[in-house]
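Peer 1: sequence? don't have it. structure:
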């Protein structure tokens, strides 16, 4: 059974999609939401196989939702949009599935067919995530779980990141958010501008570094403005110094 | 300020092009006096008793004093410009100074000539004063009439050009707002989403889908209607707004409510066509589409003294701190300025828990 999620801020559009998807054998709609943040939340909770994601939505656009997902376990994403010249061009390049409104039943059936094919070959929504990251300003804000809810925090407020198996601790404003992502992937989303790796399992926000103290064998202690001390491994030393202009 | 802007006021608030070409007048003036001097010298050359410099002195002194008067006339031309379409009043305004002109003329020109003659040891001989007064008055009436005619011609031409420019600008602004409106309606997001809504309703409520198609048709028809008319009635303008609102509330069902507070006595008031839709578009773009909260939209018209006040307001959003007018608002403002000058205004501001766009128009007919 294919589990589908619908995200669109216009009620008639949601109803139409639900109506036609209900006709598809072996597919069930597990949720229907009206904004980006709820969509991200439902993807996290319901783990659908495919998401029909409208692009223009309140709180987070469809592209921003996609940008926040981890490519390796992202659901398949079908972007649904009335019109967005640039998006359409990007769809065509990336061969991500998309539906242009208004679409008819046959076009939707084709899309569902394509989704089935991709699920069989164990594809993920990586292409959609890549497209979202390329198109949406995803490096400025990060979606993090906060108790039962998802919340957006400013990337600038993140002090440092710490990998822990398949999870990453995001330390921001005295809080510790646990994200099911790899450090590598998170850094690729947040971009190279702000964060730099200082250890195999840690990365730090350059703006939060207060001082450096040398240890033996070329390692350093990095003190952050909040008092926290992190270890700089010599493997990453040159890269950090280069970024700090030394 | 609810009288139609007079042409002169229109010139004051930023119309382009000089209403009056001082350069043209100066060239004519110099040419005229050169001609006078040369004619006078031709005359003198045939008269052995007259020296070459005498005609130069006669005409030069005349030119000097006449130039002073001409400069004064040019200086106050702005004050008399509103009377250009009433020539009698215009000429009368200038001609009432004629006795003073004649008096000062004689009082200035004759002593000047006498002084120069005295300086070379001669006497300036002229006819008796009674004859001088009659002769100079007669001459001055003719010359003043001639030059006022020229001044009138130049000023009228400038005024005509100004009005033509103004008309062109009005037409251009209307064409622009029609285009903007059309682009708004044919804006892919609006049109395709509306079509998708129709496509959704077809499966659940055929009658409603039908109504939506008709509404969309009406709205497109209004935008496509070639507009020779710059103005329409408030009732017509509100009808357009209603069509747009109907489509948008179908799309964002459950998320918007609309309230109309319309003064029926004002429905016949002329307003610029296609003026209001950009305001409502903004409410949807910056209000409704940005939040999942329910938005209440209020549209009201009322009389405020001699003005018509139209307010489109919404709950649930605020202007960004450094907000700048989009194309829709810029267009509205420009048209209000062209049609009503300073008498009309458009303000967008934060109000209690929302944003309000307020248009104030003079109730008296604005366009000349």
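Peer 2: Thanks, I have the structure now. Being a predicted model, the structure only gives us computed values, none of them experimental.
Peer 1: Specify the local secondary structure of the residue lying closest to residue A:68 once chain neighbours are set aside.
Peer 2: The shortest distance from residue A:68 to any non-neighbouring residue, by CB to CB, 6 or more residues apart in numbering or on different chains, is to residue A:143 (4.3 Å). Just so you know, the C-beta spots here come from the backbone N, C-alpha and C atoms, and that holds for glycine as well. When classified by DSSP: H, G, I helix; E, B strand; the rest coil, residue A:143 comes out as strand.
Peer 1: how far away is residue A:143 from residue A:69?
Peer 2: To residue A:69, residue A:143 is 9 Å away according to CB to CB, to the nearest Å.
Peer 1: and if you look at residue B:60?
Peer 2: 93 Å.
Peer 1: Among the two, which residue is more densely surrounded?
Peer 2: For residue B:60 and residue A:69, the more surrounded residue by other CB atoms under 10 Å in any protein chain shown is residue A:69, and the numbers stand at 26 against 18.
Peer 1: The more buried one against residue A:130, yeah?
Peer 2: No: Residue A:69 sits out of contact with residue A:130 when judged by CB atoms under 8 Å, with a separation of 10.3 Å.
Peer 1: If I look at residue B:215, what pLDDT would I see?
Peer 2: Per-residue confidence (pLDDT) for residue B:215: 95.
Peer 1: before we move on, what about residue A:173?
Peer 2: Looking at residue A:173, the pLDDT reads 88.
Peer 1: How about the contacts made by it?
Peer 2: By CB atoms under 8 Å, 6 or more residues apart in numbering or on different chains, residue A:173 lies in contact with A:153, A:157, A:159.
Peer 1: what's the answer for residue B:70, then?
Peer 2: B:29, B:147.
Peer 1: what stretches of chain A score poorly on pLDDT?
Peer 2: Chain A contains residues with pLDDT under 70 at A:86, A:90, A:93-95, A:137-139, A:246.
Peer 1: The longest helix seen in it close to chain B?
Peer 2: Criterion DSSP state H: the longest helix present in chain A is helix A:105-120. No: Helix A:105-120 stays clear of chain B (CB under 8 Å from any CB of the partner chain), getting no nearer than 9.7 Å.
Peer 1: tell me the angle of the following helix or strand past that helix relative to helix A:105-120?
Peer 2: Going down the chain from helix A:105-120, the next helix or strand is helix A:126-135, by DSSP states H and E. Relative orientation of helix A:126-135 with respect to helix A:105-120: 110 degrees, computed using axes from the mean of the first three to the mean of the last three CA atoms, to 10 degrees.
Peer 1: which one is residue A:36 nearest to, not counting chain neighbours?
Peer 2: Nearest one to residue A:36, counting by CB to CB, 6+ apart, is residue A:60 at 2.7 Å.
Peer 1: show me the residues around that neighbour that make contact.
Peer 2: Neighbouring residues of residue A:60 by CB under 8 Å, 6+ apart: A:35, A:36, A:37, A:39, A:40, A:68, A:143, A:152.
Peer 1: Relative to residue A:52, which of those residues is nearest.
Peer 2: Using CB to CB, residue A:39 comes nearest to residue A:52 of these, at 9.9 Å.
Peer 1: how about the host helix or strand of that closest one: buried residues?
Peer 2: Residue A:39 belongs to helix A:36-46 when assigned by DSSP H and E. Of all the residues in helix A:36-46, those buried under the rule 16 or more other CB atoms under 10 Å in any protein chain shown are A:36, A:37, A:38, A:39, A:40, A:41, A:42, A:43.
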